[in-house]
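**Student:** Next comes the sequence, and after it the predicted model I'd like to discuss.
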Amino acid sequence: MKGIIFTEFMELVEEKFGLDVLDDVLEMSGDEGIYTSVGSYDHRDLVKLIVNLSKKTNIDPATLQQVFGQTVFNALLRSLPNNAGINNSDSTFQFIRHVENYIHVEVKKLYADAQPPKFHFISENESEMVMDYESARCMSHVCLGLIEGCANHFGETIEVNMVPQTDDNSVVRFHLTLS
């Protein structure tokens, strides 16, 4: 997992809960908190940080992932090169397709070890999109937050229904409805 995810997570924790909470979560996780935005790190370290933040704050891990996804969307958007084609997207649905068809492809070219999630598009019309999110990292609530952050970016209101397709949540079906 790219380091920008870790650095943004730690900034969010410090901003929302304070440096003392971040230090406690790092200590609980046995983590020194030394990450660079361009480095690659084990996603299990992020999961450990989220679980321990949940223990420290009594906030459900799924909710923490969702809020993180909402927040990190803008940082990821800013990290895209100017030629990434975001200007060609004028809606959440277009951007989600662009993420799968362009951004994930480019990430894999730049970072041979990258394993971005996959989106399998089931159906789509002007007001609805159905897609499967597939990731061995099982972080579908981060994806939910990213979708919500994206919709906010485009000034759209989208109702999201998530249905796990596997017991381990490695595949989750997202039914998005533009309201």
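**Tutor:** Ah, there it is. Numbering: from 1, shown residues only.

**Student:** tell me the mean pLDDT for stretch 117-129?
**Tutor:** Per-residue pLDDT over stretch 117-129 has a mean of 95.

**Student:** Correction: the previous question concerned stretch 94-103.
**Tutor:** Computed over stretch 94-103, the mean pLDDT rounds to 86.

**Student:** That stretch: which residues count as buried?
**Tutor:** 95, 96, 97, 98, 99, 100, 102, 103 (16 or more other Cβ atoms under 10 Å). Bear in mind the C-beta positions are built from the backbone N, C-alpha and C, glycine included.

**Student:** now what about stretch 11-19, what contacts it?
**Tutor:** With contact meaning Cβ atoms under 8 Å, 6 or more residues apart in numbering, stretch 11-19 is reached by 21, 22, 25, 49, 53, 56, 57, 67, 68, 71, 72.

**Student:** gap between the longest helix along the chain and the chain center?
**Tutor:** Scanning the chain for the helix with the most residues, using DSSP state H, yields helix 61-79. Between the centre of helix 61-79 and the centre of its chain there are 6 Å (Cα atoms, centre = their mean, to the nearest Å).

**Student:** now the residue lying farthest from the centre of the chain: how far from residue 54?
**Tutor:** Most distant residue from the mean C-alpha position of the chain: residue 20, 24.9 Å away (Cα atoms, centre = their mean). Residue 20 is 17 Å from residue 54, where distance means Cβ to Cβ, to the nearest Å.

**Student:** Just the element for residue 176, please.
**Tutor:** According to DSSP states H and E, residue 176 maps onto strand 171-178.

**Student:** Which strands and helices lie in contact with that strand?
**Tutor:** Judged by 3 or more Cβ pairs under 8 Å, 6 or more residues apart in numbering; DSSP states H and E, the packing partners of strand 171-178 are helix 92-98, strand 128-134, helix 140-153, strand 158-164.

**Student:** Try it again at 7 Å.
**Tutor:** If you count contacts as 3 or more Cβ pairs under 7 Å, 6 or more residues apart in numbering; DSSP states H and E, strand 171-178 packs onto strand 128-134, strand 158-164.

**Student:** angle of the helix or strand hosting residue 123 against helix 140-153?
**Tutor:** Residue 123 belongs to strand 118-124 when assigned by DSSP H and E. Using axes from the mean of the first three to the mean of the last three Cα atoms, to 10 degrees, the inter-axis angle of strand 118-124 relative to helix 140-153 is 60 degrees.
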